[in-house]
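Return atomic coordinates for the entry below.
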Amino acid sequence: MTDPSPFSVPSLLVRRLGRQPYAPVWQAMSAFTDNRTATTTDELWVLEHDPVFTLGQAGKMEHVLAPGEIPVVPVDRGGQVTYHGPGQIVAYPLIDLRRVGVGVRELVCRIEQAIIDTLEHWNIQAVRREGAPGVYVGDAKVAALGLRVRRGCSFHGLAFNVNMNLEPFHRINPCGYKDLAVTQVLDLGGPSRLSDVEDVLIGEFCRQFGFEAESAAPVIPELPARLAV
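Just a heads-up that it's a prediction; the model follows:
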């Protein structure tokens with residue numbers, strides 16, 4: 001009997017986690033990455049975060065201008081400072097890059113293209129910029145990327161502004177750029193419901209990487225008891 005595996009489409013477990021505080025999700029995806037094996041199915045976690053500024057490994061506190069009541073959390077992803085809050089899609093691709101056959105640069109490029117193709121569904125023309133990861137419409141940034149690769153597997157991910165309060169972006173130099181304009185899908189003529197944009201984004205993400213999406217329980221997976229120490 002012929003082995004069908006060379007022609008099989010890899011699965012991607014998609015977890016829609018709703019609104020979550022930042023730190024527990026960060027800890028969970030880091031633990032997931034550390035404890036996965038060569039046979040662990042790749043996952044995509046899609047969620048919103050409570051208001052938070054995160055400062056990447058290249059981040060400088062001088063770019064955090066006036067955080068006010070919003071916490072600032074130094075994290076282990078690449079990049080500078082950004083804001084997460086309700087009305088923004090955050091997606092964390094937990095992918096074995098060797099198995100998918102892409103390097104870090106290609107990973108960034110394909111994630112950006114998935115966002116660009118998502119916006120195209122609503123006739124919003126978006127582009128990437130060389131040397132400044134993310135997705136832009138005109139001079140304004142609509143999506144930011146901040147990734148980490150450990151043991152050949154990715155975590156952290158993208159933040160895609162849909163229908164949110166953009167005021168907190170004025171409290172920082174977004175991604176380390178003074179006076180960088182920030183925009184969102186709603187203001188560009190797209191839909192206001194996050195779920196509408198999530199559906200398209202998940203489809204375009206899977207198309208970029210050759211995945212077949214499978215819905216998974218909307219809970220952060222627990223580590224096996226032997227690992228959860």
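
host element of Ile111?
Assigning secondary structure by DSSP states H and E places Ile111 in helix 104-120.

how far does that helix sit from the chain's center?
Relative to its parent chain, helix 104-120 has a centroid offset of 11 Å by CA atoms, centre = their mean, to the nearest Å.

Stretch 15-30 now?
12 Å.

buried ones in it?
For stretch 15-30, the neighbour count (16 or more other CB atoms under 10 Å) marks Arg15, Arg16, Leu17, Gln20, Tyr22, Val25, Trp26, Ala28, Met29, Ser30 as buried. Where C-beta positions appear, they are placed from N, C-alpha and C, glycine not excepted.

Please work out which residues outside it touch it.
Outside stretch 15-30, the residues within contact range by CB atoms under 8 Å, 6 or more residues apart in numbering are 43-50, 52, 54, 73, 75-76, 84, 86, 92, 94, 155-156, 198, 215-221.

What about these, which are in helices?
Secondary structure assignment by DSSP state H places Glu198 of the contacts of stretch 15-30 in helices.

Residues in a beta bridge with the residue nearest the centre of the chain, which ones?
Geometric centre of the chain, nearest residue: Leu158, 2.3 Å, by CA atoms, centre = their mean. Beta-bridge pairing for Leu158 (DSSP bridges): Ala91, Leu145.

Would you check that it makes contact with Val142?
No: taking contacts as CB atoms under 8 Å, Leu158 lies outside contact range of Val142: 10.8 Å.

Would you map the strands across the chain?
11-20, 42-49, 52-55, 72-74, 81-84, 88-94, 127-129, 132-137, 140-150, 153-161, 181-182, 212-215 (DSSP state E).

Of those, which is nearest Val104?
Within those, the stretch nearest Val104 is strand 140-150; the backing value is 5.6 Å (CB to CB).

Outside of the closest one itself, which residues are in contact with it?
Applying CB under 8 Å, 6+ apart, the contact partners of strand 140-150 are 33-34, 54, 56, 75-79, 82, 97, 104, 107-108, 111-112, 115, 119, 126, 133-136, 154-161, 174-175, 180-185, 188.

With just CA atoms, put it into PDB.
Taking C-alpha atoms only, strand 140-150 is exported to PDB below (Å, rounded to 0.1, in the frame of the first residue of the first chain):
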ATOM      1  CA  ALA A 140       0.200  54.400   8.500                       C
ATOM      2  CA  LYS A 141       0.900  51.000  10.200                       C
ATOM      3  CA  VAL A 142      -2.000  48.600  10.500                       C
ATOM      4  CA  ALA A 143      -0.200  45.500  11.700                       C
ATOM      5  CA  ALA A 144       3.000  44.900  13.700                       C
ATOM      6  CA  LEU A 145       5.200  41.800  14.000                       C
ATOM      7  CA  GLY A 146       7.400  40.600  16.800                       C
ATOM      8  CA  LEU A 147       8.600  37.000  16.700                       C
ATOM      9  CA  ARG A 148      11.000  34.700  18.500                       C
ATOM     10  CA  VAL A 149      12.400  31.400  17.300                       C
ATOM     11  CA  ARG A 150      13.600  28.800  19.800                       C
END
